[in-house]
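Asks: Pasting the sequence and the predicted coordinates here, then a few questions.
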Amino acid sequence: DEEEEEQEGTKGEEKEEDIEEIEAEPERHQSVILRSNFWEQIRSSARRTSEKVKGLPNINWGLVFVGVLILLVVLGGVVRSYRANRGREITEKLTEIELKLKEADILSDTNGQRSLEIVAEVRPELDNLKDVNNEKIGELNNLLITVEEAANGLVRVETKEMLDGGLLREGTIFEVLVKGGKNILALDKQNSRMIRLDTDKEKWEVVMGSEELNGVKAMAEYSGNIYLLGSFGVKVCSEISWKCNVDISNTDISFGATALGVWGGNVYILDGQEGKVWKYTKSGSGYTKKTSWMEADSLAMGADNIVIDGRIWVGFLNGGIGKYNQGVKESFGITGLSQPVGTNSRILTSDEEIKLYVLDSKNGRIVVLGKDGMFLKQYVNDKIKEATGIVVYEDKARIYLSIGSKIMMVETP
């Protein structure tokens, strides 16, 4: 009994010591209690899971693995089959689109309207494939653009430099070009010089200088002679000797004269101030006094561009074109051209050309028209925006342009 009392006393003292210790370090003992509770919860959860698993039938994990493997193989086959079918569908669709575009390309020259209809049909089909990773789609999109442009008569061309007058003299600017047979005559008003370029030999030479060219405003070529309009009146210069004579006195030239043309030996001068044309009839070695060839047309006021092929054509400032036959204005309009001709364009034709050409510098293009006004084709290049003069050789499929100090050549397919 005494031993038991001593043991109980000892335990009581230990408890009192524990209580004192806990009271002295409450945070540490709280942490011990929390860790003890945490691990007790883990052990309890493990026992419950073990009891549940024991209640389940035995699982053959080998069979489970085989089943999963078979499922993956089947799914892989389905995916491969889908991709193969999708690939064949895309290939077939691209082949179909390519055949349609090739048909549209063939029709672009002969039936532009049908060609554009095919392009409109194909475009959404290509758009539906825009997320597909296939190089062929990019090629077909480029072909579509090319065909559409061709159906609209748009041809992108390159320019080739034939002559750089800046290498001859600094400040050279060729403002006017005219055709004299195989030769192109380029007028540099600022430096009062004229260059002759042989288009066959691609050689050039200076043929006239300031003595004859001072004060020149415009020029034209007809039957081996150059006609110059300026403050002196009208000079006629031989393309063989390059000698000039004043055949029409400045006293008989309208103050507002801006351009001239020659037909049948007769001289026609455009009066841009009044918007009319004066005629000077060839008589012996000279010309008669001017006579009014047509009544004033308000649309021709300010114009400085006239060409003749038996009828007279005037390029209006607003981009329009006037057509006059025996002094009477004929109805004329451009049809089939989606974008109107820009302002200050220049026109060109003659009895040698079967078409009418419009140098539309504002829009960087040369527009080709039938002489009935029907749009035929347009040649596009950014450098054309700087062009001021134009000469055409239909038989050679070439167009020459004056662009600053240079004469450039465009081949027309």
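Replies: Everything's here; your move.
Asks: Residue 245: how many residues sit nearby?
Replies: 11 (other C-beta atoms under 10 Å). (Each C-beta comes from the backbone N, C-alpha and C, glycine too.)
Asks: what's the helix or strand for it?
Replies: Element membership of residue 245, judged by DSSP states H and E, is strand 244-249.
Asks: Check which helices and strands that strand is in contact with.
Replies: strand 233-238, strand 286-287 (3 or more C-beta pairs under 8 Å, 6 or more residues apart in numbering; DSSP states H and E).
Asks: mind giving me TSV with the ones you listed and columns for mean pLDDT?
Replies: Below are the helices and strands packed on strand 244-249 laid out as TSV (pLDDT from 0 to 100):
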stretch	mean pLDDT
strand 233-238	96
strand 286-287	94
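Asks: which of these is buried the deepest?
Replies: Mean neighbours per residue, mean count of other C-beta atoms under 10 Å, is largest over the helices and strands packed on strand 244-249 for strand 233-238, with a mean of 19.
Asks: What is that one packed up against?
Replies: Using 3+ C-beta pairs under 8 Å, 6+ apart, strand 233-238 sits against strand 225-230, strand 244-249.
Asks: now those strands in TSV, with mean pLDDT and distance to residue 185?
Replies: Supplementary listing: those in TSV, determined by pLDDT from 0 to 100; distance: least, C-beta to C-beta, whole Å:
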stretch	mean pLDDT	distance to residue 185
strand 225-230	96	7
strand 244-249	95	13
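Asks: Nearest to residue 320, out of the helices and strands packed on strand 244-249?
Replies: strand 233-238 (27.3 Å; C-beta to C-beta).
Asks: what are the pairing partners of the closest one, and which direction each?
Replies: strand 225-230 (antiparallel), strand 244-249 (antiparallel) (DSSP bridges).
Asks: winner for burial among those?
Replies: strand 225-230 (a mean of 22).
Asks: mind saving the C-alpha coords of that one as PDB?
Replies: Extracted in PDB, the C-alpha atoms of strand 225-230 (Å, rounded to 0.1, in the frame of the first residue of the first chain):
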ATOM      1  CA  ASN A 225       8.200  66.400-140.500                       C
ATOM      2  CA  ILE A 226       8.100  67.800-137.000                       C
ATOM      3  CA  TYR A 227       5.600  70.500-136.200                       C
ATOM      4  CA  LEU A 228       6.400  72.800-133.300                       C
ATOM      5  CA  LEU A 229       3.900  75.100-131.600                       C
ATOM      6  CA  GLY A 230       5.400  78.000-129.600                       C
END
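Asks: Now render the strands paired with strand 233-238 as JSON lines, adding distance to residue 361.
Replies: Formatted as JSON lines, the strands paired with strand 233-238 follow (distance: least, C-beta to C-beta, whole Å):
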{"stretch": "strand 225-230", "distance to residue 361": "22"}
{"stretch": "strand 244-249", "distance to residue 361": "30"}
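Asks: Which one of those strands lies nearest to residue 370?
Replies: strand 225-230 (28.0 Å).
Asks: Show me the contact partners of that closest one.
Replies: Residues outside strand 225-230 that contact it (C-beta atoms under 8 Å, 6 or more residues apart in numbering) are 178, 180, 185, 194, 212-221, 234-239, 244, 253, 257, 259-260, 262, 267, 269.
Asks: Select from those residues every entry located in helices.
Replies: Among the contacts of strand 225-230, the members found in helices (DSSP state H) are 212-213.
Asks: List the beta-bridge partners for residue 325.
Replies: residue 328.
Asks: residue boundaries of the helices in the protein?
Replies: Going by DSSP H, the chain shows helices at 2-24, 26-54, 61-107, 112-127, 135-151, 210-213.
Asks: what mean pLDDT would you report for the fifth one?
Replies: In this case it means helix 135-151. What helix 135-151 shows for mean pLDDT is 89.
Asks: quick one, that helix and helix 61-107 angle?
Replies: 20 degrees (axes from the mean of the first three to the mean of the last three C-alpha atoms, to 10 degrees).
Asks: buried sites along helix 135-151?
Replies: 137, 140-141, 143-144, 146-151 (16 or more other C-beta atoms under 10 Å).
Asks: Would you mind getting the angle between that helix and helix 112-127?
Replies: Computed by the same axes, to 10 degrees, the angle between helix 135-151 and helix 112-127 is 160 degrees.
Asks: The longest one now?
Replies: Interaxial angle of helix 61-107 relative to helix 112-127 (the same axes, to 10 degrees): 170 degrees.
Asks: Mind giving me the packing neighbours of helix 61-107?
Replies: helix 112-127, helix 135-151.
Asks: Format those as TSV; extra columns: distance to residue 332.
Replies: Formatted as TSV, the helices and strands packed on helix 61-107 follow (distance: least, C-beta to C-beta, whole Å):
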stretch	distance to residue 332
helix 112-127	22
helix 135-151	25
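Asks: Quick one, which of the ones you listed gets closest to residue 64.
Replies: Of all those, helix 135-151 comes closest under C-beta to C-beta, at 44.7 Å.
Asks: now that closest one: how far from the chain's centre is it?
Replies: 14 Å (C-alpha atoms, centre = their mean, to the nearest Å).
Asks: Begin at 21 from now on, thanks
Replies: Okay, residue one is now 21; in that scheme the one you just asked about reads as helix 155-171.
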